[in-house]
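Undergrad: Curious how this folds, go ahead:
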Amino acid sequence: MNRIETRLINVNGISFETDTIGNGDRFALLLHGFPENKYSWRFQLPFLGERGFTAWAPNLRGYGRTTRPRGRSAYRLEHLIDDVCGLITAAKSERSYRETVLIGHDWGALIAWAVAIRNAAPIDKLVIMNVPHPALFRRGLYTRAQLARSWYIFFFQLPWLPEAALARKNGETLARAFRDMAIDKTNFSDKDLAFYRQAAADPGALTAMINYYRANFGGLMMRKISVPYVLPIDVPTLMIWGEKDSALGKELSYGTEHYVRKLTIRYLPNVSHWVQQEAPDAVNAMLGTYLDGLRVPSCEELSRAA
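TA: Down below sits the predicted model:
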């Protein structure tokens, strides 16, 4: 019952390679980031299954064995939002759930923010990991410190060169992104990184992954955003943030309470951008109390209780 199974789920003309677990009456959809894939949720899926959830962690479009559309326009945000809505609808077509939780990290978190902001799908709780609200990101991006951290976004706009750089030496550059950024490198063994290197080595995979940045560059860089993005969202939201994120500064999370009416933020010191992989025990403890409607402990409280 709590064994991870991989299924192909067809939505919007895309076949999503999806790790699934559990058969509970609460549903969780977990969205990975770049350059990760569904493997990044390997610590959260069993945890959710044990807590009575039905949980799905798909490879997003272009990743793994999920359909890989050609052309950068296929990776525009509106298509990514439609994918999430379709996956939630597909899950609910199989059975009814009393609660739907959307969980995202990195690009997955950006997509999750957009779904909640646009009320694109009925979700009861939102969990965001190490990505700021879009309004705060666009405001903070133009600071000198964040521009320096976000250099790769501009590099990814070049043709073919980013793919060549990441593919170099059998994906060594891509693998190093995990180890170099991580503070605690325990969960980034050669075996772990092989999952990411192998997935990125498939023909067209790196182009699809980088096309997320190419297709949405204008939106990411836009100073003025549309009205829905400045209106507070009503979905109760937990934000978990690794403070040693070298790609996104902690200061980008400041002010999130102006955009989310029911917000809980917890910071993890000495944890990098890869928060759910690097500190799964702390992340799962926070996630579990939040999903159960209890007060979410701080990292310091978890340390004292250990």
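Undergrad: A helix includes L238, no?
TA: No: under the criterion used here (DSSP: H, G, I helix; E, B strand; the rest coil), L238 is strand, not part of a helix.
Undergrad: roughly how far apart are it and Q146?
TA: 23 Å (C-beta to C-beta, to the nearest Å). For glycine as for every other residue, the C-beta is placed from the backbone atoms N, C-alpha and C.
Undergrad: Look at A55 and say how many residues are nearby.
TA: By the criterion of other C-beta atoms under 10 Å, A55 has 27 neighbours.
Undergrad: Which of the three states applies to it?
TA: Going by three-state DSSP: A55 is strand.
Undergrad: bridging residues for the spatially most central residue of the chain?
TA: Centroid-nearest residue in the chain: H105, 2.2 Å away (criterion: C-alpha atoms, centre = their mean). Beta-bridge pairing for H105 (DSSP bridges): M129.
Undergrad: which residues does it contact?
TA: When contacts are counted by C-beta atoms under 8 Å, 6 or more residues apart in numbering, H105 is found next to L31, H32, G33, E36, S40, M129, N130, V131, V275, Q276.
Undergrad: how far away is it from H32?
TA: The value you get for H105 to H32, if C-beta to C-beta is used, is 6 Å.
Undergrad: so what's in contact with those two at the same time?
TA: Common neighbours of H105 and H32, counting by C-beta under 8 Å, 6+ apart, are S40.
Undergrad: Which parts of the stretch 1-150 of the chain are strands?
TA: For the stretch 1-150 of the chain, the strands defined by DSSP state E, counting those that start in this stretch occupy 5-11, 14-21, 26-31, 53-58, 99-105, 125-129.
Undergrad: List the buried residues for the lowest-mean-pLDDT helix or strand in the chain?
TA: The least trusted helix or strand in the chain, going by mean pLDDT, DSSP states H and E, turns out to be helix 217-221, with a mean of 84. Neighbour-count burial for helix 217-221, counted by 16 or more other C-beta atoms under 10 Å, picks out G219, L220.
Undergrad: Enumerate every residue touching L231.
TA: L231 neighbours (C-beta under 8 Å, 6+ apart): I117.
Undergrad: do the same with A247
TA: Counting by C-beta under 8 Å, 6+ apart, A247 has contacts R149, S150, Y152, M181, H273.
Undergrad: Same question for R7.
TA: Counting by C-beta under 8 Å, 6+ apart, R7 makes contact with E17, T18, T20.
Undergrad: go again using 10 Å as the cut-off
TA: S15, F16, E17, T18, D19, T20, W56, P58 (C-beta atoms under 10 Å, 6 or more residues apart in numbering).
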